[in-house]
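Student: Structure of the sequence below:
(chains A and B)
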Amino acid sequence: MGIKILTEHINVPGIETLEVYRKHGGYRSVEKAIKTMTPDEVVEEVKTSGLRGRGGAGFPAGMKWSFLAKPEGVPRYLVCNADESEPGTFKDRVFMEKNPHALIEGMITSSYALGANTSYIYIRGELLFILRILEKAIAEAYAAGLLGKNILGSGYDLDLHVAPGGGAYICGEETALLESLEGKRGNPRNKPPFPAVKGLFQSPTVVNNVETIASVPWIVNNSGAEYAKIGVGRSTGTKLISASGNINRPGVYEIELGVPVEEFIYSDEYCGGIWKGKQLKAVVPGGSSVPILPADLIMKTATGEQRLMTYESLSDGGFVSGSMLGSGAFIVFDEDQCIVRNTWNYARFYHHESCGQCSPCREGTGWMERVLHRIEHGHGHQQDIDLLVSVAKQIEGNTICPLGDAAAWPVASAIRHFREEFEWHIKHPQEATAPGAVYRGQLAAATV
Amino acid sequence: MIKDAFKFSDKALAEIQRYISHYPEGRQKSALLPALHVAQAENNGWVSPEAMDAIAEILNIQPIEVYEVATFYTMFNLKPVGKHVLEVCRTGPCCLRGADQMIETFKQKLNIEEGETTADGMFTLKPVECLASCGTGPMLQVRETYYENLDSEEAVDQFIEMMRNKEVETPEWAK
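Tutor: Next up is the predicted model:
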């Protein structure tokens, strides 16, 4: 049992109310920051903590904050990215649903640090029911003087609003999110200028993930140095992991960064092993965008080191033999799962979600989907495999936003690690398209 | 042909005004997505061209600005739909737990294809992408409620039976 920074009180009955939340130490960071610290001191603590963006990119949060431009007389904004849409990721939804005040506390303390007087939580439109939960909690916070004018008598003012999206994965990209928040299509913006200079309504803006913001109160209460002691190396603190797929105990787990992957999969504290007594085939460790790894490479790096749940360990070996921690969406595949079918499913997702602005992504995602569809349905050609690799390569790095990369990586990595399975589909279309058919040739070698 | 203008209820208008008040002056267009959600809830689950024109008037923007946004986001239905729109998740993690079978079962039981509405107007089957509920898949959404772990024929049967007798949800602001 590691330390619980985000979820210690998440199952306390009534924690969604201000009264119970405060009884368990809630909103202490607001008082401490506003009454005893300058905004810059809060930023310094977050820098010292080593906290990295929890939405997927893992960029140091304190550094992102320090980039915020502060021209005289121009409002600054903090926008919380609650557009959680990366397949496999559901940590923010569960967190906000159960403990809305924890996010609101983080928003107030972080807004104070950044000098924002209006902040927004942009939540994906499918989660309107959580928007209601957040709005109820926000109303309680206003009534208690934690939001609005002159918070706790300090002279600091903050308004906090929740804004819904309308169903678009791309709006998780921060500049698309800002466009959407302005009532437009979610087309990502060209950068520079970065949001820190010209963001929401052309004003300096910081966009942070729910989990990142919710980690700030603990850092303010206990110091950045204390936070940095948790975890391993540059992977400091704790991380919410959304565990899904063919495991006994799917759900959201808060781990201290550094837990061995093997322990995470097989321990009854976490995933509880592969369901129905089956064998592990593969894992996508950080959300659908990150490279898939076969069983042997998820347990150990190519050099034989034990793989850990950290940013560095999961990416050890680069894209040749590694993957990424990403958003912490840990998707587990058992021996009965077909990699070709899954890759086609993901390709369809990215094609569906491409905003259509950049040609390589708009055309390439559709092309990959169609080629994978024909392989999966027994009409593939041997040259299709290299064609997919080539299309993926031509998308990667050639688009305004990372959706192109996110579409290319799952395809490229599936072929890199499961090429035999693709070849088998093409060589044996009848066998491969029979109901429930799965290629098992690579499994014995790939299983540890 | 001149069609009747769309009329929002007072509660709906108040809800849209509440959102407008969240944004700086001159940035009322920001309330467009919330307004589309309100319109959809007011108009039997879909957004008609007349409703979009009404939104344009309220927000003081051009109708095209509403159309281009309504057509970008997948939650807005631009054609009439059934009483209950079953938004079934078809994305990878749910498929690992049987989403393909769940969708097949719905097609069989309701005798419709994806995107279609049953003859009695009760159900529309709408496949959607990941709904951030991967630990409890296969799952689907109807209005503001998630229905999870629909991993057997019995679970689907029970769900359909339950929905047949269920009234459409009233959103918080309309109560």
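
Student: And stretch B:70-86, what's buried?
Tutor: By neighbour count with 16 or more other CB atoms under 10 Å in any protein chain shown, stretch B:70-86 contains the buried residues B:70, B:72-77, B:81-86. Yep, even glycine has a C-beta here, placed from its N, CA and C like the rest.

Student: before we move on, what about stretch A:395-404?
Tutor: Buried residues in stretch A:395-404 (16+ other CB under 10 Å): A:395-396, A:399-404.

Student: Quote the end-to-end distance of that stretch.
Tutor: End-to-end distance of stretch A:395-404: 6 Å, with CA to CA, to the nearest Å as the criterion.

Student: Not counting its own residues, what contacts that stretch?
Tutor: Applying CB atoms under 8 Å, 6 or more residues apart in numbering or on different chains, the contact partners of stretch A:395-404 are A:169-170, A:173, A:175-176, A:188-191, A:289, A:350, A:353-355, A:357-358, A:360-361, A:364-365, A:405, A:407-409, A:412.

Student: Pull the most distant pair out of the buried residues of stretch B:70-86.
Tutor: Spatially, the most separated pair among those is B:Phe72 and B:Lys83, at 25.9 Å (CB to CB).

Student: Please give the element, helix or strand, for the closest residue to chain A within chain B.
Tutor: At 3.0 Å from chain A, B:Tyr73 is the closest residue in chain B, using CB to the nearest CB. Assigned by DSSP states H and E, B:Tyr73 falls within no helix or strand.

Student: Let me see the contact set for the nearest residue to it once chain neighbours are set aside.
Tutor: Distances taken as CB to CB, 6 or more residues apart in numbering or on different chains place A:Gly166 nearest to B:Tyr73, at 3.0 Å, with adjacent residues excluded. A:Gly166 is in contact with A:125, A:180, B:33, B:36-37, B:69, B:72-76, counting by CB under 8 Å, 6+ apart.

Student: Could you do A:Tyr311 as well?
Tutor: Counting by CB under 8 Å, 6+ apart, A:Tyr311 has contacts A:52, A:58, A:234-235, A:257, A:324-325.

Student: cool, and A:Gly115?
Tutor: Shown in contact with A:Gly115 (CB under 8 Å, 6+ apart): A:39, A:70, A:76.

Student: just curious, which of these is nearest to B:Ser21?
Tutor: A:Arg76 (20.3 Å).

Student: Hmm, the closest one is touching A:Gln202, no?
Tutor: No - in terms of CB atoms under 8 Å, A:Arg76 does not count as a neighbour of A:Gln202; the distance is 11.8 Å.

Student: higher neighbour count, those two?
Tutor: Of the pair A:Arg76 and A:Gln202, A:Arg76 is the one with more neighbours under other CB atoms under 10 Å in any protein chain shown, namely 22 against 12.

Student: Am I right that B:Leu36 sits in a strand?
Tutor: No - according to DSSP: H, G, I helix; E, B strand; the rest coil, B:Leu36 belongs to no strand; its state is helix.

Student: pLDDT score assigned to it?
Tutor: At B:Leu36, the pLDDT value in this model is 98.

Student: Same check on A:Arg440?
Tutor: Looking at A:Arg440, the pLDDT reads 88.

Student: check contacts around the residue lying closest to it once chain neighbours are set aside.
Tutor: Spatial nearest neighbour of A:Arg440, chain neighbours left out: A:Glu335 (6.9 Å); criterion: CB to CB, 6+ apart. Going by CB under 8 Å, 6+ apart, A:Glu335 touches A:278-281, A:438, A:440, A:443.

Student: How about A:Val30?
Tutor: A:Val30 touches A:105, A:108-109, A:112, A:146, A:151-152, A:217, counting by CB under 8 Å, 6+ apart.

Student: repeat that with 7 Å
Tutor: The contact partners of A:Val30, by CB atoms under 7 Å, 6 or more residues apart in numbering or on different chains, come to A:105, A:108-109, A:146.

Student: Kindly indicate which of these lies nearest chain B.
Tutor: Nearest to chain B among these is A:Ile108, at 16.6 Å by CB to the nearest CB.

Student: Burial check on the closest one, number of neighbours?
Tutor: Using other CB under 10 Å: A:Ile108 sits among 28 other residues.

Student: Would you mark the buried spots in the one helix or strand it maps to?
Tutor: In this structure, A:Ile108 sits in helix A:100-114 according to DSSP H and E. In terms of neighbour count (16+ other CB under 10 Å), helix A:100-114 has its buried residues at A:100-114.

Student: which SS class is A:Phe330?
Tutor: Per three-state DSSP, the secondary structure class of A:Phe330 is strand.

Student: Kindly provide the distance from the residue of chain B most remote from its centre to B:Leu32.
Tutor: In chain B, the residue that sits farthest from the middle, by CA atoms, centre = their mean, is B:Glu25; the gap is 29.6 Å. Distance of B:Glu25 to B:Leu32, computed by CB to CB, to the nearest Å: 16 Å.

Student: got it, and A:Lys191?
Tutor: From A:Lys191 over to B:Leu32 (counting by CB to CB), the distance is 24 Å.

Student: what does B:Glu87 give?
Tutor: Distance, B:Glu87 to B:Leu32, using CB to CB: 21 Å.

Student: Stretch B:30-48 close to chain A?
Tutor: Yes - judged by CB under 7 Å from any CB of the partner chain, stretch B:30-48 and chain A are in contact via B:30-34, B:36-37.

Student: Run a quick neighbour tally on the closest residue in space to A:Arg307 that isn't next to it in sequence.
Tutor: Nearest residue to A:Arg307, sequence neighbours excluded (CB to CB, 6+ apart): A:Val261, at 4.5 Å. Neighbour count of A:Val261, defined by other CB under 10 Å: 21.

Student: and A:Val261, what is it in contact with?
Tutor: Applying CB under 7 Å, 6+ apart, the residues near A:Val261 are A:298-299, A:307-309.

Student: Might one say that B:Gly137 is in contact with B:Gln101?
Tutor: No - B:Gly137 is not in contact with B:Gln101 according to CB atoms under 7 Å; the separation is 11.5 Å.

Student: neighbour-wise, which of the two wins?
Tutor: The residue with more neighbours, out of B:Gly137 and B:Gln101, is B:Gly137; 28 against 16, by other CB under 10 Å.

Student: Show me which residues of the stretch 1-150 of chain A sit near chain B.
Tutor: Selection of the stretch 1-150 of chain A residues close to chain B by CB under 7 Å from any CB yields A:84-85, A:87-90, A:93, A:125-126, A:128-129, A:132.

Student: mind redoing it with 6 Å?
Tutor: A:84, A:87-88, A:90, A:93, A:125-126, A:128-129, A:132 (CB under 6 Å from any CB of the partner chain).

Student: which residues of chain B fall in strands?
Tutor: For chain B, the strands defined by DSSP state E cover B:84-89, B:123-128, B:140-142, B:145-147.

Student: Likewise for the stretch 251-400 of chain A?
Tutor: With DSSP state E, counting those that start in this stretch as the criterion, the stretch 251-400 of chain A has strands at A:251-256, A:280-284, A:293-294, A:329-334.

Student: so what's B:Glu172 up against?
Tutor: Residues in contact with B:Glu172 (CB atoms under 6 Å, 6 or more residues apart in numbering or on different chains) are A:Arg132.

Student: For A:Lys239, see how far away it is.
Tutor: Distance, B:Glu172 to A:Lys239, by CB to CB: 33 Å.

Student: for A:Ile265, same thing?
Tutor: Counting by CB to CB, the gap from A:Ile265 to A:Lys239 is 16 Å.

Student: more crowded one of these two?
Tutor: Legend: neighbour count by other CB under 10 Å for A:Ile265 and A:Lys239, higher for A:Lys239 (27 against 21).
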